[in-house]
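Student: Coordinates only, no sequence provided:
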């Protein structure tokens, strides 16, 4: 009789599991989002330079608003593009 | 007293002197109106994400200042708008977190690294600090333990010696 530990999985059992989303600003205690740091803001836009929704980034509403203003300011200063393709 | 920050892009085609004089005019303007310049960051020549006035690059400057009355902001923006050397500008008022962030950045706590890395590093630093403060204590304890152990060994040896002597007698 095979015990529970002997059972080998054919596929990776962690594949189907959903990873917990969290707000990185809350977790790491980041209070201010700098609009002059385009490399950091690049994490919150998609390939076309559009803002990613909260459902993907996991940001809390408070910080999603701040991210949005920071990205918009960065766009105004030509640090991030308004429209593009293949940004990443 | 609020803290503000004005970032502007200067035309890169101008000579170095002209670019510097542009910055100088606004610095003078601010100090003349009773503003206190906290810091001036020269971000240098950068590639623009999209062309502005048919230019593909620009010289970025960021001036951080304190101001008693916000009425001067209008004047400053008007002159920036009229200035042909300035391609783009943005004025923002900083909240307390923004002030702190810029302070930390100047001290080199944030630097060029991403905020995420910074947080990891700060955590590591804290851990290091803890372990550093912890190490000498543990060392002392260990040393004490060793001494005690050595004493015990010595005593044991003495005892056995005594026994040997007794047995011989």
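Tutor: Yes, it's here. Since the structure is predicted, the reported quantities are computational estimates derived from the model, not experimental observations.

Student: which parts of chain B sit against chain A?
Tutor: Within chain B, the residues that sit near chain A (CB under 8 Å from any CB of the partner chain) are B:7, B:9, B:43, B:46, B:48-50, B:52, B:58, B:60, B:62, B:88, B:90, B:92, B:95, B:97-98, B:100-101, B:105, B:114-116, B:119. From N, CA and C alone the C-beta is placed, and that goes for glycine too.

Student: Only the buried subset of those residues, as a ChimeraX command please.
Tutor: Per 16 or more other CB atoms under 10 Å in any protein chain shown, the buried members of the residues of chain B next to chain A correspond to this ChimeraX selection:
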select /B:7,9,46,48,49,52,58,60,62,88,90,98,101,105,115,119
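
Student: taking the residues of chain B next to chain A one by one, which sit in strands?
Tutor: Using DSSP state E, B:7, B:9, B:43, B:46, B:48-50, B:52, B:58, B:60, B:62, B:88, B:90, B:92 are the members of those that sit in strands.

Student: Could you save these as CSV and add columns showing distance to residue A:19?
Tutor: Shown next, in CSV, are these (distance: CB to CB, whole Å):
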residue, distance to residue A:19
B:7, 37
B:9, 40
B:43, 36
B:46, 36
B:48, 37
B:49, 31
B:50, 35
B:52, 40
B:58, 40
B:60, 37
B:62, 37
B:88, 40
B:90, 36
B:92, 35
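
Student: what stretches of chain A score poorly on pLDDT?
Tutor: Chain A contains residues with pLDDT under 70 at A:1-2, A:4.

Student: Contact residues of it facing chain B?
Tutor: So chain A meets chain B at A:24, A:28-32, A:34-40, A:73, A:75-82, A:84 (CB under 8 Å from any CB).

Student: Tell me how far residue A:64 lies from chain B.
Tutor: The gap separating residue A:64 from chain B is 16 Å, by CB to the nearest CB, to the nearest Å.

Student: who does the helix or strand encompassing that residue touch, helix- and strand-wise?
Tutor: Residue A:64 belongs to helix A:61-76 when assigned by DSSP states H and E. Contacts defined by 3 or more CB pairs under 8 Å, 6 or more residues apart in numbering or on different chains; DSSP states H and E place helix A:61-76 against helix A:24-28, helix A:38-41, helix A:54-57, strand B:86-94.

Student: Tell me the buried residues in the second one?
Tutor: Read that as helix A:38-41. For helix A:38-41, the neighbour count (16+ other CB under 10 Å) marks A:38, A:40, A:41 as buried.

Student: Spatially central residue for chain A, please.
Tutor: The centroid of chain A falls nearest to residue A:57 when counting by CA atoms, centre = their mean (3.4 Å).

Student: didn't that residue look like it was pressed against residue A:44?
Tutor: Yes - when contacts are counted by CB atoms under 8 Å, residue A:57 is listed as touching residue A:44 (5.8 Å).

Student: residues bridging contact with the two, i.e. touching both?
Tutor: Residues touching both residue A:57 and residue A:44 by CB atoms under 8 Å, 6 or more residues apart in numbering or on different chains: residue A:67.
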